[in-house]
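**Student:** Need coordinates for the below:
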Amino acid sequence: MFLILKYIAKLLKALASEASPNQLAGGFILGMIIGLTPVMSFHNLIILVLVLILKVNVGMVILAFLVFSGIAYLADPLFHDFGTYLLELEGMQSTYISMYDNEFWAITKFYNTVVIGSLTTAIILCVPMFPLTKVGVVQYRKHIHEKVMKTKLMKTLKGTKVYSIYQTAARLRG
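**Tutor:** Reported below is the predicted structural model:
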């Protein structure tokens, strides 16, 4: 229970922080990609490098990873079917053969149905999720933050370490 509250506090802290909506949405998108795809994939190493290079919110990366890992577990059969469809496209066979014969592309495991299906799905989802996340952050800060502060849960948490982290971040933003 405390672990869940800790992650909720980190999310609220990120939302109340001075991090730009782009930084939060960028972290969310990168975490979503890692969460939707098999963790031990080569492309996730590239995503982790991007997390370190780009100025994104790491808390949002972790949150999105946790949320989308659960979704991915349930969606794996769909990713497999989509990956099978992609790998069986007649016009792509020569490209896939060339990629498979190249050592670099072979280590990406593009030929795995779940890897290609989930990665393609994650990339497609980036298009709507980035602006939706940005809008969500702006709307939270504008309309919801004050209401969250008045909830019974926040009143209960006042005086705890979780609340002090959240309150400090909110003061820095405001």
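
**Student:** Only C-alpha atoms from now on, for both contacts and neighbour counts.
**Tutor:** Noted.

**Student:** any idea of the pLDDT on residue 60?
**Tutor:** On pLDDT, residue 60 comes in at 88.

**Student:** Quick check: it vs residue 122, distance?
**Tutor:** 16 Å (Cα to Cα, to the nearest Å).

**Student:** More neighbours: which of the two?
**Tutor:** Of the pair residue 60 and residue 122, residue 60 is the one with more neighbours under other Cα atoms under 10 Å, namely 25 against 21.

**Student:** what sits against that one?
**Tutor:** 11, 14, 24, 25, 27, 28, 31 (Cα atoms under 8 Å, 6 or more residues apart in numbering).

**Student:** ok, residue 42 touching residue 107?
**Tutor:** Yes: counting by Cα atoms under 8 Å, residue 42 touches residue 107, with 7.0 Å between them.

**Student:** Could I get the buried residue list for the longest helix along the chain?
**Tutor:** Longest helix of the chain, by residue count under DSSP state H: helix 58-87. Neighbour counts over helix 58-87 (16 or more other Cα atoms under 10 Å) mark 58-66, 68-69, 72, 76, 79-80, 82-84, 86-87 as buried.

**Student:** Now the element after that helix, going C-ward?
**Tutor:** On the C-terminal side of helix 58-87, the closest following helix or strand by DSSP states H and E is helix 93-101.

**Student:** Convert the helix or strand following that next one to PDB, retaining C-alpha atoms only.
**Tutor:** Remark: after helix 93-101, the chain's next helix or strand is helix 103-107, criterion DSSP H and E. Taking Å, rounded to 0.1, in the frame of the first residue of the first chain, the C-alpha atoms of helix 103-107 are listed here in PDB:
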ATOM      1  CA  GLU A 103      24.000  -8.800 -37.800                       C
ATOM      2  CA  PHE A 104      22.800  -5.400 -36.500                       C
ATOM      3  CA  TRP A 105      19.100  -6.000 -37.500                       C
ATOM      4  CA  ALA A 106      19.200  -9.500 -36.400                       C
ATOM      5  CA  ILE A 107      20.000  -8.500 -32.800                       C
END
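
**Student:** tell me what helix 103-107 is packed against?
**Tutor:** For helix 103-107, the packing partners by 3 or more Cα pairs under 8 Å, 6 or more residues apart in numbering; DSSP states H and E come out as helix 93-101.

**Student:** what angle sits between the helix it packs on and helix 58-87?
**Tutor:** In terms of direction (axes from the mean of the first three to the mean of the last three Cα atoms, to 10 degrees), helix 93-101 departs from helix 58-87 by 120 degrees.

**Student:** Before I go, just wanted to say thanks for your time.
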